[in-house]
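K.L.:
Got a sequence here, can you model it:
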Amino acid sequence: MESKQSPIILWFRRDLRLSDHPALSAAARTGRPILPVFILDDLTLTLGAAPKWRLGLGLEVFAKSLERNGNRLILRRGEALAVLQALIAETGASAVYWSRAYDHDAIARDTRIKSALQDQGVEARSFAGHLLFEPWTVATKAGQPFRVFTPMWRAVQGREVPAPEPVPPIKAPSKLPSSEDLKTWNLGAAMNRGAAVVTPYVRPGENAAFELLHGFLDRIQDYSDNRDRLDLDSTSGLSEHLSLGEIGPRSIWHAVQRASMNGVSGADAFLRQMVWREFAYHLMYHSPQLLHENWKPEWDAFPWHNDASRPEVIAWLQARTGIPAVDAGLREMYVTGRMHNRARMIVASYLTKHLMTHWKIGMDWFAECLIDWDPAANAMGWQWVAGSGPDAAPFFRIFNPDTQREKFDPGAIYLKRWIAEGQADPPATALAYFQAIPRSWALDPKAGYPNPVVELATGRARALAAYEGRKTG
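P.N.:
Residues are numbered from 1 along each chain as shown. Alright, predicted model coming up:
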């Protein structure tokens with residue numbers, strides 16, 4: 001029997017919150033001291049510039065939250081198993097708890113760690129927390145994972161989602177081990193001057209996430225009608241908080257479900273989007289190749305270019321394609337660290353269809369630039385737009401950026417917000433793009449707006465020809 005003074009190591013990862021945290025609640029129920037730990041291991045170091053910087057901001061706020069609750073976050077760097085074993089030796093901890101991850105590399109790491117710790121007599125337990133439904137609990141009548149979203153949505157609509165638990169008592173060990181200094185990790189190094197530009201758009205932490213949620217609930221009635229509008233503030237803004245687990249999905253689900261039960265229009269549409277996130281994670285769990293290969297193998301024959309140095313791709317990376325809706329979306333990302341979901345579709349379609357460029361180039365660039373980067377959502381989103389992913393549409397989807405802009409930004413407010421060229425008095429948001437980008441791009445707001453690198457009609461015809469050739473080749 002473990003001593004009541006033997007600490008439980010709570011290994012935090014993408015779950016930087018204290019409420020709606022099953023692993024933390026389970027540890028607190030034992031009455032034993034809890035040792036909160038974050039490990040900067042090789043998997044974490046693979047994060048792109050923006051998500052790694054955002055992680056640092058989240059860790060800073062989370063550490064203060066723990067201190068207000070009478071504990072302290074211990075930071076260690078190194079191979080995760082070695083770090084945990086060292087902490088066990090230092091503190092006499094006899095258990096390690098953590099929230100599950102669902103990508104192949106993290107699962108492999110966690111499986112090795114659980115086995116090694118159990119072999120040395122240490123309790124090692126993983127818990128739900130990042131999703132509403134564990135991937136192995138949702139299946140078709142034939143027992144197979146869902147490959148199409150709508151049937152999955154129907155299958156889970158009536159399912160009970162456990163209520164989120166409040167912040168539990170977080171008893172600290174009598175003696176805490178040493179911790180590294182977060183500043184020495186320099187997680188924002190790769191952001192360079194872009195960090196100063198993006199900072200005003202970032203509000204890290206659990207409290208900020210709940211403030212966003214409550215504000216969104218005040219306007220959720222318009223969500224169904226306006227969520228695709230580029231010019232309106234109609235989305236929740238919770239993606240970066242969900243990505244780092246600064247708010248639990250169950251907290252959001254129950255808050256929005258209460259609105260739905262009260263007859264608030266728009267609530268059901270948002271719940272559907274929550275399940276779309278689940279769908280992405282379930283696909284990634286059951287089909288790990290989603291992150292690296294075409295989900296539909298028949299797309300291996302599609303003649304995408306893989307050269308990121310092509311002039312057309314450089315123009316796309318620099319948000320200078322000459323297609324305003326595409327460039328505005330990319331510039332929003334460079335200034336805020338985020339991009340409206342409708343803009344993501346437009347930007348991704350232009351790269352993969354009009355520029356005939358492999359979706360992995362775009363996916364990897366988003367992974368470098370988005371503060372709300374999420375492995376499953378990013379991969380599925382790119383493959384869905386490219387055509388190689390789980391899109392049930394019986395046609396080859398090519399977004400027309402001009403008609404999309406006319407429909408979802410009818411007054412060109414979004415374009416003017418992010419594109420300075422051509423405006424006599426451009427707003428600060430549009431000018432900020434030139435402060436966020438690398439100096440080596442040598443771009444000037446006084447320069448003229450470029451002509452299209454590929455005309456829309458030309459690009460569409462070329463993509464359709466390639467698609468027909470793939471089918472008949």
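K.L.:
Direction included, what does the strand ranked longest in the chain pair up with?
P.N.:
Using DSSP state E to define each element, the chain has its longest strand at strand 34-40. Strand pairing for strand 34-40, using DSSP bridges, gives strand 8-12 (parallel), strand 74-77 (parallel).
K.L.:
And the strands in the stretch 51-200 of the chain, which stretches?
P.N.:
Secondary structure of the stretch 51-200 of the chain (DSSP state E, counting those that start in this stretch): strands at 74-77, 95-99, 123-127.
K.L.:
List the single closest residue to the residue positioned nearest the centre of the chain in space, sequence neighbours excluded.
P.N.:
Closest residue to the average C-alpha location of the chain: Asp374 at 2.5 Å, with C-alpha atoms, centre = their mean. Spatial nearest neighbour of Asp374, excluding adjacent residues (C-beta to C-beta, 6 or more residues apart in numbering): Ser243 at 4.7 Å. In short, each C-beta sits where N, CA and C put it, glycine included.
K.L.:
And the pLDDT at that neighbour?
P.N.:
Per-residue confidence (pLDDT) for Ser243: 98.
K.L.:
repeat for the one 5 residues further on
P.N.:
At Gly248, the predicted lDDT confidence score is 98.
K.L.:
And the one 4 residues further on, by the same measure?
P.N.:
Residue-level confidence at Ile252 comes out at 98, pLDDT.
K.L.:
Now do the contacts for the residue nearest to Asp374.
P.N.:
14, 51, 372-374 (C-beta atoms under 8 Å, 6 or more residues apart in numbering).
K.L.:
Buried residues in the worst-scoring helix or strand of the chain on mean pLDDT, which are they?
P.N.:
Least confident helix or strand, the chain: helix 456-472 with a mean of 89, by mean pLDDT, DSSP states H and E. If you call a residue buried by 16 or more other C-beta atoms under 10 Å, then helix 456-472 has these buried ones: 456, 459-460, 463, 466-467, 470.
K.L.:
Stretch 43-50 too?
P.N.:
Quick answer for stretch 43-50 (16+ other C-beta under 10 Å): 43-44, 47-50.
K.L.:
just those now: which is nearest Leu35?
P.N.:
The shortest approach to Leu35 among these belongs to Thr44, at 18.9 Å (C-beta to C-beta).
K.L.:
what's the strand or helix carrying the closest one packed up against?
P.N.:
Taking DSSP states H and E as the criterion, Thr44 maps to helix 42-45. Judged by 3 or more C-beta pairs under 8 Å, 6 or more residues apart in numbering; DSSP states H and E, helix 42-45 is in contact with helix 49-68, helix 104-119.
K.L.:
Same list, these, but as TSV with distance to Ser25 and mean pLDDT please.
P.N.:
Shown next, in TSV, are those (distance: least, C-beta to C-beta, whole Å; pLDDT from 0 to 100):
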stretch	distance to Ser25	mean pLDDT
helix 49-68	15	98
helix 104-119	20	98
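K.L.:
How far off centre is stretch 86-100?
P.N.:
Stretch 86-100 sits 28 Å away from the centroid of its parent chain (C-alpha atoms, centre = their mean, to the nearest Å).
K.L.:
Quick one: mean pLDDT for it?
P.N.:
Mean pLDDT, computed over stretch 86-100, is 98.
K.L.:
go on, stretch 256-266?
P.N.:
pLDDT averaged over stretch 256-266 gives 92.
K.L.:
now for that stretch, what's the gap between its first and last residues?
P.N.:
From its first residue to its last, stretch 256-266 covers 9 Å (C-alpha to C-alpha, to the nearest Å).
K.L.:
Pull out the buried residues from it.
P.N.:
256-257, 259-260, 264, 266.
K.L.:
about what we covered before: ok, now which ones touch the residue nearest to the centre of the chain?
P.N.:
239, 242-243, 277, 280 are the contacts of Asp374 under C-beta under 8 Å, 6+ apart.
K.L.:
Check His214 too.
P.N.:
So His214 contacts nothing (C-beta under 8 Å, 6+ apart).
K.L.:
Quick check: phi and psi on it?
P.N.:
phi -70, psi -40 (degrees, to the nearest 10).
K.L.:
any idea how far Asn207 is from it?
P.N.:
11 Å (C-beta to C-beta, to the nearest Å).
K.L.:
And for Pro297?
P.N.:
45 Å.
K.L.:
More neighbours: which of the two?
P.N.:
The neighbour comparison of Pro297 against Asn207 (other C-beta atoms under 10 Å) goes to Asn207, with 14 against 10.
K.L.:
give me the element the more buried one is part of.
P.N.:
helix 206-217.
K.L.:
Please point out which parts of that helix sit buried.
P.N.:
Buried-residue list, helix 206-217, by 16+ other C-beta under 10 Å: 206, 208-210, 212-213, 216-217.
K.L.:
Same check on stretch 83-91?
P.N.:
83-85, 87-88, 91.
K.L.:
Now intersect those residues with the helices, please.
P.N.:
83-85, 87-88, 91 (DSSP state H).
K.L.:
Just name the closest of these to Ala163, please.
P.N.:
Once C-beta to C-beta is applied, the member of these that ends up nearest Ala163 is Leu84, at 30.9 Å.
K.L.:
What sits closest to that closest one if chain neighbours are left out?
P.N.:
Closest to Leu84 by C-beta to C-beta, 6+ apart is Val96, at 5.8 Å.
K.L.:
Identify the residues contacting that neighbour.
P.N.:
Contacts of Val96 by C-beta under 8 Å, 6+ apart are 8-9, 11, 84, 88, 113, 117, 122-125.
K.L.:
if I look at the residue nearest to Asp374, how far off is Lys416?
P.N.:
29 Å.
K.L.:
ok, now Thr44?
P.N.:
39 Å.
K.L.:
just checking, Pro288 touches His104?
P.N.:
Yes. Taking C-beta atoms under 8 Å as the definition, Pro288 is a contact partner of His104 at 3.8 Å.
K.L.:
what sits opposite the closest residue to Glu123 other than its chain neighbours in the beta ladder?
P.N.:
Distance criterion C-beta to C-beta, 6+ apart; nearest residue to Glu123, sequence neighbours excluded, is Ala95 at 3.8 Å. Under DSSP bridges, the beta-bridge partners of Ala95 are Ile8, Glu123.
K.L.:
Tell me how many other residues crowd Ala95.
P.N.:
When neighbours are counted by other C-beta under 10 Å, Ala95 comes out with 22.
K.L.:
How about the contacts made by it?
P.N.:
So Ala95 contacts 2, 6, 8-9, 27, 32, 122-125 (C-beta under 8 Å, 6+ apart).
K.L.:
picking that back up, looking at the helices and strands packed on helix 42-45, which is nearest to Leu176?
P.N.:
Of all the helices and strands packed on helix 42-45, helix 49-68 comes closest under C-beta to C-beta, at 11.1 Å.
K.L.:
In that closest one, which residues are buried?
P.N.:
By neighbour count on 16+ other C-beta under 10 Å, the buried set for helix 49-68 is 49-59, 61-63, 65-66.
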